Each structure stands twice: as C-alpha cells, then as structure tokens.
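Undergrad: model this:
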Amino acid sequence: TIYDNLNDSQPSKILTQEELWEIETNFEQKEILWASVVKNSETLRIMLVEAGLEIPPWLGRVDSNEQMIEMLQELEQDKEDLIESLNIEIQEWKKIGLNIEFIESSDTSLWEKSEDLETLRPLAGTANILLESIELLDSSIDNERIEEIRESIIHDWHNPDAMQFETNEIEKISRRQERHLAMLFQRAEDLSIDVSKSNKWTLAEFENKIYDAEINRDRDEEKEANRRRILEKKAKEKPVNVVTKPNKIKIQQSNNNIIEENYWIENTTADGKKFYFNKQTKESTWKKPTFMPINEVKSVQIVEEIEQSVVHIENEEVEEILEETPDENQESESENQSSISNEEEQYLKNYLGIIGKDPLIIESSRPRDLRIQRLLRLIPLIESEFNNDERLELANTLEPLMKNIEKWVRVRSEHRRCWESSEGLIAQMDRLQNILNDVPGPGIQLPIGFDDRPLPKTKQGIIREIENISNDGLVSVSGGIKAL
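TA: Residues are numbered from 1 along each chain as shown. The predicted structure follows:
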C-alpha cells in the first residue's frame, strides 16, 4: 500500500498523481472519523453524567465510535420516552387541580426532574385522596374551613407536613359531622320528624327542619301529656290517702248481671280545687263522673305533689340531654387534650359545665340565651385556631360576660329555689328556663333561640367577635327574658 511505501527505507521517489490523490482522500476520511468520535464522545459523556450512569472506559476511542453511536441512540430514545411519561403524569396532576407551576418552571435537567417526580408521586396520590375525601364532607355547615383545606392541598400538596396536618383536619371535621348528624337524628326522633328523605338533606337543611319543628312545637300540649303520664304513674305508685265512706255503685243490666263496680272519691287539693279519683281503676279526673256517690272527704295534697314531680322531671330534661351525648365525646375529649392541657385552659367549657361534651350538640339541643349559643359555636374554632396562651387571653376577655350571665341566672334561680351552685352554667340556665316557661306574662330584653349567624372566617374575626360579645353582651341583672 501507499503506507508501506512511505515507511520503506528505500530512497524516496516522485509520486504519481493517483498516489497523491489516494493519500489526500484517506486524510479527509480520517479527519471526518476523528471529528465524529470527538463529538459523539462529548455528547455521550454529558448524557451519561445527567442520567447518573457510569462512563465506560472505551469512551473517546476511535475504534469505539460505532458503539458510542449505538449508546447515544438508546439514551435519546429513553429520553423521549421519559419526557412523554413525565408530561402525561404532570397533566394528570393538573387535571385534578394540583398546582404544578413549580414543576414547569424548574430549570433542572430531565433526569433530575424525573427523580423529583419519584418523590412527588406518592404525595400527589395522597393529595388526590384528600380532595376526594373533601367531596364527601358536608360543606353546608363547614364551608369556609373546607375551602381553606382544599386550597391548602392544591398549593402545598408537595409538602408532607402540610398534607399530614390537612389529613388530621379532614378527619376531625368528618367525625364532628358524623356526631352532629347522629344528634340531629335523635332530635328528629324526639320531635317526630319524618326522616325518610334525610339522605337528600344537607346538615344545614336538617338543622333548619329541627329549628322549624322546635319553633312550631306545641309545648303546652307536651306538658299536658307529660302531666297526664306522671299522674297515671303517681296514682299507681302512691294511692290517694283519704278518709271516706265509699259506696259501691253496682250497675246492672236487665239480666241482673253486674257489669262493673266503681269507687269514685271526691277530693280537694291544697289550693281548693276539686278532683275525682277511682280507687279501683286508679283513674283521676277534674270532671265529676256520671256515677259517683259523694261522701265525707278530707283535703289531700296528692295533686300538688304530682305537679311538683312534673316540674322536677322537666328540670331534669336538661341533664338528660347533656348526659345522652354520644360516646364519641370521649374521642373528642382526647383530641382536645392535645390542644388544651389543663383546667385553666378549659375555662369556657369548665364554666359552662360541658367538659368532655361536644359544644355543637349542646347548642342545637334546645333554644337558649343567644350569647351562650354563640359561644358554644365559637368554642371549636377557638380550640382549633388558637394556642394555649391565646385561649387563656380570650377566656380572660370573656370572664366579665360569663359572671354577668351567671349572676342574672342566680338571682332568678335563688328566688325560685332552683339554684345548684355545683353545676355548670348551661344546666343552671336550662333549669331556670324550664321554670320560667310556666310563668305567665311577657318577657323583655334577653333573646332566646338558636344561633344561625355565619361564623367568623379568620382568627382576627374570632377575636373581634369575642371582644364585641364581651363589651356589648352585658345586661342588667334586673332584666327579663324573652322567647324568640
């Protein structure tokens, strides 16, 4: 070959035109090959470093050019597949509402972005589950908080701590709504409300139906039915102690067979009102029976005792409502213990006498002073939004109002001999309200009902409302009471 001739030790000779052309052509091919090797080796080295792969020892050698070209093609194909896969996954996250701006604006390499997405993938799955869980919550009563949680998940879904916090918040709201729904069903049963279509009601609609039923219920009829029930029970347990000479009245038909034998007795209550009692059938009535012998009778106090029993039982209705809260209150109490660690920090619940109970269940159980109803609805917000020191500060702000309400209740309760200093303010108020319901005449100043005003959306809103209630909620101890 020409190279053999060049290396030959023989004396040089003049090359022909053909020989010179062959040498020039070979040099051009070698230059092209070498340029290709340099370019391919540099490109392959960059791609291997980006992908975090090991650099092979043959990289950069002329005789490995074909091998480098083959590896470059494989890496390019892998890169295209990876880009397509990442784009599909990112678009899926975008469809469910997750914020992906930080991914799209990232200037990291494709392979680094792929590693980041490996970390983000389980968080995106968790965020999707949480968004689906939010759809199962009833937004008719917790809409503001639910929307806050939704926005937090959408924007902070890549933060594990934020996701854990929102998971706990969703669980709390879900449990609270379940307990609230159970309470509404119990109240509906007590009020004889048809709940056959309740699966289509929101909690707010359910509350409105309870509210309407409470407003429209005939309390006089309920009290009269309760009195009749107690009269019958009392008559069976404690027969009327009278001094009388009863006559047996025998009613006979034409066949001279005895049909029944009545033992009717006329008695007089302590206030002079007459009533009639059958010793055999245990029947009591204010109207004089058709067949009744009038005999020598002494005054008795049985009706007065029965009326006192009825009042006592009505007063105990409040305690029954407070005691019949669901077992889930133990779970609620354990949640509160994580945020409120001692009795001082539970000032509001302790003062109201509802430690370990759900304030929302207590609030919706019956109409009462709207200031107290408002505080019962604010307590869950205070416990979830404020730390221990902030809760103590709010409690100090509310202390004058609480003492004002307690004094108002105590003055009237002591006058009616129904004050129990060992009980919480809720039980004291409800007992007094039961007694005042029987007092004739109009009331003034103090509104009674259910709180249906929107709750504040922010911590500052809660603080302002607490301050307003404390400043504007004080009433004269000599003021009256009004049912809405």
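Undergrad: sec struct for residue 275, please.
TA: Counting by DSSP: H, G, I helix; E, B strand; the rest coil, the backbone at residue 275 sits in strand.
Undergrad: which residues does it bridge with?
TA: Partner residues in beta bridges with residue 275, using DSSP bridges, are residue 267.
Undergrad: Counting neighbours, what do you get for it?
TA: Other residues lying near residue 275 total 19 when counted by other CB atoms under 10 Å. (Glycine included, C-beta is placed from N, CA and C.)
Undergrad: if I read this right, it contacts residue 285, doesn't it?
TA: Yes - at 6.9 Å, residue 275 counts as touching residue 285 under the criterion of CB atoms under 8 Å.
Undergrad: residue ranges of the strands in the stretch 151-300 of the chain, please?
TA: 249-252, 258-262, 264-268, 274-278, 284-285 (DSSP state E, counting those that start in this stretch).
Undergrad: Okay, now the unreliable bits of the stretch 101-250 of the chain?
TA: Applying pLDDT under 70 to the stretch 101-250 of the chain flags the ranges 219, 237-250.
Undergrad: And the pLDDT for residue 258?
TA: For residue 258, the model assigns a pLDDT of 37.
Undergrad: Kindly report the same for the one 4 residues further on.
TA: Predicted confidence (pLDDT) at residue 262: the value is 53.
Undergrad: Following the record's annotation, map out the domains of the protein.
TA: Domain ranges of the chain: 17-91, 96-215, 219-307, 325-483, per automatic domain parsing.
Undergrad: What sits closest to residue 160 if chain neighbours are left out?
TA: Once flanking residues are discounted, residue 160 sits nearest to residue 123: 6.5 Å by CB to CB, 6 or more residues apart in numbering.
Undergrad: In contact with the one you found, which residues?
TA: 157-158, 160, 163 (CB atoms under 8 Å, 6 or more residues apart in numbering).
Undergrad: ok, it to residue 96 distance?
TA: 13 Å (CB to CB, to the nearest Å).
Undergrad: cool, residue 51 as well?
TA: Distance of residue 51 to residue 96, given as CB to CB: 30 Å.
Undergrad: who has more neighbours, those two?
TA: Counted by other CB under 10 Å, residue 51 and residue 96 do not tie: residue 51 has more neighbours, with 17 against 13.
Undergrad: For that one, which non-adjacent residue is spatially closest?
TA: residue 111 (5.0 Å).
Undergrad: any chance you could map the strands in the stretch 351-484 of the chain?
TA: With DSSP E, counting those that start in this stretch as the criterion, the stretch 351-484 of the chain has strands spanning 368-369, 446-449, 481-483.
Undergrad: Compare those strands and say which comes out lowest on pLDDT.
TA: When the strands of the stretch 351-484 of the chain are ranked by mean pLDDT, strand 481-483 comes last with a mean of 42.
Undergrad: Tell me the gap between stretch 375-392 and the middle of its chain.
TA: The chain centre lies 15 Å from the centre of stretch 375-392; the measure is CA atoms, centre = their mean, to the nearest Å.
Undergrad: re the thing from before, which SS state does the residue nearest to residue 160 fall under?
TA: helix.
Undergrad: From residue 115, how far out is it?
TA: Residue 123 sits at a distance of 14 Å from residue 115 (criterion: CB to CB).
Undergrad: Can you get me a residue count around residue 371?
TA: With other CB under 10 Å as criterion, residue 371 counts 22.
Undergrad: how about it, what does it touch?
TA: 401, 405, 469, 473.
Undergrad: Columns pLDDT, distance to residue 455 and neighbour count on top of those residues, output as CSV?
TA: Shown next, in CSV, are the contacts of residue 371 (pLDDT from 0 to 100; distance: CB to CB, whole Å; neighbours: other CB atoms under 10 Å):
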residue, pLDDT, distance to residue 455, neighbour count
401, 86, 18, 20
405, 85, 21, 24
469, 84, 13, 18
473, 75, 17, 19
